[in-house]
Every structure is written in C-alpha cells, then in structure tokens.
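[1] show me the folded form of this:
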Amino acid sequence: MGADVDGVLDGAGLKNAPVREYVRHWAEVTGAARVEVVGAADDARLIREALDAGEILPAGEGRYYARSYVKDTARSEERTIVATNDPADAGVYNNWRPAAEMRPLLEERMRGASAGKTMYVVPYLMAPPGSPLEAYAAGVELTDHRTVALHMIRMARVGVDHINALAEPDSFVRAVHVTGDLPNLGQGTPDDQRYFVTVADERTILHFGSSYGGNALLGKIAHGLRQAAYDGWASGEFLAEQFMLLGITDKKTGRKYHVCGGFPSASGKTNLAMMLAPDALGDRYHVEFYGDDIAWLWADPADGRIHAINPEFGVFGVAKDTNETTNPTALASVGPGTGTLFTNVAYHEPTGEVWWEGRTPHPPADVAGWRDWTGELISDRPTDRRDAPWAHPNSRFTTTLANVPNIAADFENPRGVPIDAIIFGGRTRDREPLIRAITDLAEGVYDGLTLGAEATFAAEGVDGQLRYDPMSMRPFMAYPEGAYAAHWLKIIGAAREKPVFAHVNWFQRDPDDGRFLWPGYRDNLRALLWLVRLNNGEVTGRATPVGIIPTADELELDGADVDAGDLERLLSIDVARWRTEMANRERHLAQFADLPEPIWQAHRRITAGLADLPT
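    This is a model prediction of the structure:
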C-alpha cells in the first residue's frame, strides 16, 4: 500500500487519533493507492474531477447526471444483514447473523479490492451540531467511489471538524464501503458476493458490492436508521425511524404544529413531507419541510414533550412521477444551480436535459439524442423494447435540504421540534378511512406495528391482503420486534404531554369504477388540520373501535373537490373487512416474541369493539 496516510491526514487537519488508526487499518486492508480526506468545501473540485473522468455528466447549470451499473439500482434487502455478538438480538426482520462470522467474511472480500483506487475519507455528522443526540451521530465513511463522496456531501454534514471535536474521540461509527468488481459479483444468483452488514453492537458498517443509494451512502440508512435504531434501544434514549417530518403554521393564531410519521413504499411519504397548502387555504396555513425519510425522536425533559430531528442534510428522492402536480416543491429543489445529482433517469446528450416517467404525460416526441438509464439510445432500441421505461423506476435525485423552497427556518435547531402528532399511512383501496385518530399510547403503537400496504394479486398471491411493514421499518429493523414495541412504549411514554397518533389513507377507491375518492396531494393537509384541532379539543369527531373519525362538517373543505357520497365513504369503516383484518393482524403479531402485554390488550380491545358493531 503506497499511500502516505499520516501525511494526508496531517495535511487535512484530521487530529482524532482513533479515526486516524481506523483509516490506516482499512487503507492497508483494501490496498488503496491513495487516501484523500474530503469535506463540503471540496465539492466543486470533486465535481470537476468526476466530470473530467466521465463519472458524471453535466445536466444543465449546476446539475449533474450519473448512471449506476445496470444490476446495481436499489437497496438489496436480501443481502442486508444486522450482525451482533448476542444471538438474542435476532428478530423476524433484521436478518441477524453473528458478528464473528460476518466481520472476517467482509474483510476477506474487501482485502485488496481498492487496489489502484483512491480511498475517500468522509467524516460526517447525522444531526445538527449541538443536538442532545450528537454522541450517536458522528461517523467516518471510507469509500473508493468518488460519486459516493459527492452524494454524502449532499446528504450529511461533512468535514473533519465534526470528528476532531468529539467529546469521546472513539465514539464514531466506522463505515466502510468498497465497490467491488460490479460486473462479476453474481448479483441475484446463488453465488452473489455482495454483503451489506451493520455490526450494530460494534458500531461498524461494512458494505461490499455496490456504488448506489442505501447500499453505498452509509450515513443514510445504515447509520441513520439501522445503527441509530440499535443505539437508541441500547442506550434507552431515543427512537430512529423511517419518518417524514413537517411543520404547519396557522397564520391566524400564530400556532405551529409538527407532524411526523411512517409510510410504506409507494404510500405518498415524500409528497406529503414536501406538501404545500391548497390554494384555498394558502392565506391561512403555511407548511414547512423538515425531512422526508428519517426522524430521531426522544422525550425532552425540559418541556416534557417528544422532540424530533431529521438527522439528514439532504433529500435522496425518487424521481418517478415527480411533477408540477404531485410535488412542485421537489422540482424546485432540483432546479438549476442546486448542485443536484440525478441518477438513472433518461439523459439528452446534446442539451444535458433529464426526463423520467411521470415528469410529463408523455416522453419527448423527438427522441434524437436521448439515452435511457442504461445508456442505450432510444432511437436505436429494437421494436420489442420500444415502449420500455426510459428511466429506472428507482431513479433518484440528490439535493441538499437548503434547496427545498419551503425548508423550515429552524431545521437545524439542535433541540429539534416538539411533535404534536405521529401518523402512519398505508395504501389501501378500502377498510381504512381518510383519517382515524388514536389517543391511547398502546393502541397508537399497536397501529404502527400493524401498518401495511395493500398487496396486489400478482405480487403477493392474495388480492387485498396487507403486506405488513411495522412503523415502515421492516427493511431497517435492527433488533427484535418485541423489544422494539417495548422501546416505543418507553420513549413515548416518558413524555408528560404525548403526541396524538393517527392513521391516514389517501388511496380509497370507488368499488365500481376504481377512481380515487380523495384528491390527495395538497388536499391531504385538510386531514392533518383536523387532527391537530382534535388534539386541541376544538373538534370531537366520531368514536369507533379503531379510532376517532372526523365528521364531514369538521373537515375544512373550502376549495376541495369531493363529492358528498365519496366523503361519506371516506369517513366510514367497513366492519366486515375490519374483522377479517384483525384476524390477519393477530397472525402477524404472533410472529414476534416477547411482544408487550399492552399491545395484546390493545388488539383484544379493538377486536371486541368491532365484534359489538353491526355489519
């Protein structure tokens, strides 16, 4: 290994002794030819170098475009493992393996795998400086892929100061990313060489065999969710959840409310997080964005409330179906001069324009110069691929939070923001009303544990049955589900003034013609306004066994295009469907060992309440 590691670290001003030792160790293991410490101030230089090397392409003023390897386009849940030294940490979803097995296996794959490459040292912080959770937020990612470093600069606070100033110099997450020989890793075969491992009780993340997204941006999901969830449980101090976080200001009263919550994939989380008020309500209400993907929550002893931060510094958004109607905020966030990185969208070579399915109703009519996400010219496609998507369904944009037009002024407040409501939202065509509020702690946690989105017949084999995704954390669970439920009850239960829980569903359909009953998007604010008013005692709603449902006159519907008959269906529950659902939930929860008794009591209360209702 020819890199002068100590000289490079000295030149970069990296003084933390345990970090220096960690960098030396992995530079030797991976055989990197060079070592380079990077921070936010290096972004422009790294962009120039990546452009010169052809790793990225210009996509208009101050925007850039990259393609990943064609078999490396998304998180690989089946290759993602949580490892610890205690077999009791195994859960249903965390794909647990012994640390003693995984550590040497990853080191073997990484040995010499960065030969001839630069190892970029990326010191980062996954929290606003000064946060009560700062001790859990520092990390150093080592990566042999320059584009990964560019993504990290957008997604985290990056610079040596974040790790030089640690109160405990050794208290950083060790995150090692080695790309590997992507065309020869056997992706999806029995000989698959990829492993994405979080050794949670050693606060070490080892990812081999990717250069894309959650497999490679280790501060994001591996640290921000899996490692942080384990740290929050082990310390007893906080929750780390795949939650959006937004603020609503009532300009008439001056009151501000904060709502966070979890949504399974394709259930509208990012669009909700970036929502604007409907035109008819815009003079009175202002919606602010805090984050679309991760929130850390804790009980603040100073005011007795649950507080939350978004630990990220950027947005790693799905491009598909993002347009002026669905999410104008996102489009503005990736405009000219934002430094945005697009990945795996369609690209127009002559102009640098980008396009994805849903960006406009139809693809550009003149296909000359357009390449799809694999790099193939659209004009050269054979007949049987003429109608194939131009962009990958998981194509992305990466931009910093500061680029979001309605970013909250206090998004970097180290104390976070007090949470008024925690919501869960699945995607179901029936049974789930527009919104149902839950004021009991155990029933609220129970609702999160039984969160799900509707499966399709083709995908799951049972039409209409939910694919359960507890708290939307199924792919990110780091410790056993029973302990997870108990930790939720502990953290939220520690607040003197608890947030209200709710379940929302924007996706009810007419059973005859299949159309959506609720307009969605910006109109979703109307349901959240009802929820905070309920919490304030300004409305009372209608009690049902599954929660409190609004009455039609309690919803602020000025300017909304909702038929009275549709509204009645939106604000009702299908008792027969719910009884079936409760049986499915019982089977789902029975998988989890040591589920706290209050959760089972909540299940029995709701089941009994439904049994007493007429169908």
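
[2] and Ala273, what is it in contact with?
    Counting by Cβ atoms under 8 Å, 6 or more residues apart in numbering, Ala273 makes contact with Met244, Leu245, Leu246, Phe289, Tyr290, Gly291, Asp292. Where C-beta positions appear, they are placed from N, C-alpha and C, glycine not excepted.

[3] where does it land on pLDDT?
    In this prediction, Ala273 carries a pLDDT score of 96.

[4] quick check: the gap between it and Trp298.
    As judged by Cβ to Cβ, to the nearest Å, Ala273 and Trp298 stand 20 Å apart.

[5] try Leu434
    Taking Cβ to Cβ, one finds Leu434 at 30 Å from Trp298.

[6] okay, the two: which has more neighbours?
    Shown here are Leu434 and Trp298; by other Cβ atoms under 10 Å, Leu434 has more neighbours (24 against 20).

[7] residues near the residue nearest to the more buried one when sequence neighbours are not counted, how many?
    The shortest distance from Leu434 to any non-neighbouring residue, by Cβ to Cβ, 6 or more residues apart in numbering, is to Leu570 (4.4 Å). Leu570 has 23 neighbours, counted by other Cβ under 10 Å.

[8] pLDDT score for Leu570?
    97.

[9] quick thing: my sequence starts at 29, can you match it?
    Let's use 29 as the start, then, which means that last one is Leu598.

[10] I'd assumed Gln536 was in contact with it.
    Yes - between Leu598 and Gln536 there is a contact at 5.8 Å, judged by Cβ atoms under 8 Å.

[11] identify the contacts common to these two.
    Joint contacts of Leu598 and Gln536 (Cβ under 8 Å, 6+ apart) are Pro461, Leu462, Leu545, Trp546.

[12] low-confidence stretches in this structure?
    29-30, 483-492 (pLDDT under 70).

[13] if we use 80, what do you get?
    Where the chain drops to pLDDT under 80, the residues are 29-31, 483-493, 643.

[14] hang on, the earlier thing: Serialize the shared contacts of Leu598 and Gln536 to TSV and add fields for secondary structure.
    TSV is the format used below for the shared contacts of Leu598 and Gln536 (DSSP: H, G, I helix; E, B strand; the rest coil):
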residue	secondary structure
Pro461	coil
Leu462	coil
Leu545	coil
Trp546	coil
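
[15] between those, which has the most around it?
    Leu462 (24 neighbours).

[16] measure that residue to Arg399 for me?
    Per Cβ to Cβ, Leu462 is found 42 Å from Arg399.

[17] pull out the buried positions in stretch 541-557.
    Using 16 or more other Cβ atoms under 10 Å as the test for burial, stretch 541-557 gives Leu545, Trp546, Gly548, Tyr549, Arg550, Asp551, Asn552, Leu553, Arg554, Ala555, Leu556, Leu557.

[18] okay, it in CSV with CA atoms only?
    The C-alpha trace of stretch 541-557 is given here as CSV (Å, rounded to 0.1, in the frame of the first residue of the first chain):
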residue,chain,number,x,y,z
ASP,A,541,-65.1,2.4,-11.3
GLY,A,542,-61.8,2.3,-9.3
ARG,A,543,-61.3,6.1,-9.2
PHE,A,544,-59.7,7.6,-6.1
LEU,A,545,-62.2,9.1,-3.7
TRP,A,546,-59.9,11.7,-2.2
PRO,A,547,-58.0,14.3,-4.3
GLY,A,548,-54.8,13.8,-2.3
TYR,A,549,-51.5,15.7,-2.6
ARG,A,550,-52.0,19.3,-1.2
ASP,A,551,-55.5,18.4,0.0
ASN,A,552,-54.0,16.0,2.5
LEU,A,553,-53.3,19.0,4.7
ARG,A,554,-57.1,19.1,5.4
ALA,A,555,-56.9,15.8,7.3
LEU,A,556,-53.9,16.9,9.3
LEU,A,557,-55.6,20.2,10.3
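
[19] checking the residue most central in space within the chain next. Helix, strand or coil?
    By Cα atoms, centre = their mean, the chain has its centre lying nearest to Asp321, at 3.1 Å. With three-state DSSP as the basis, the three-state label of Asp321 is coil.

[20] give the contact list for it.
    By Cβ under 8 Å, 6+ apart, the residues touching Asp321 are Lys248, Gln270, Phe271, Met272, Lys297, Thr298, Asn338, Glu340, Val343, Phe344.

[21] now with 7 Å, please.
    For Asp321, the contacting residues are Gln270, Met272, Glu340, by Cβ atoms under 7 Å, 6 or more residues apart in numbering.

[22] list of residues touching the host helix or strand of Gln629?
    Assigned by DSSP states H and E, Gln629 belongs to helix 625-639. Outside helix 625-639, the residues that touch it by Cβ under 7 Å, 6+ apart are 470-471, 473-474, 477, 513, 517, 573-574, 603, 606-607, 610, 613-614, 617.

[23] quick one: Leu562 from Ala436, how far?
    Taken as Cβ to Cβ, the span from Leu562 to Ala436 is 23 Å.

[24] burial count for Arg76?
    Neighbours around Arg76, by other Cβ under 10 Å: 10.

[25] my read is it is in a strand, agree?
    No - counting by three-state DSSP, Arg76 is not part of a strand but helix.

[26] list the contacts for it?
    Counting by Cβ under 7 Å, 6+ apart, Arg76 has no contacts.

[27] secondary structure class for the nearest residue to Asp589 once chain neighbours are set aside?
    Leaving aside its sequence neighbours, Asp589 sits nearest to Pro547 (Cβ to Cβ, 6+ apart; 5.9 Å). On the three-state scheme (three-state DSSP), Pro547 is labelled coil.

[28] buried sites along stretch 578-593?
    Buried positions in stretch 578-593, judged by neighbour count with 16+ other Cβ under 10 Å: Pro578, Glu582, Leu583, Glu584, Leu585, Ala588, Val590.

[29] again with stretch 368-383
    Thr368, Leu369, Phe370, Thr371, Asn372, Val373, Ala374, Tyr375, His376, Glu381, Val382, Trp383.
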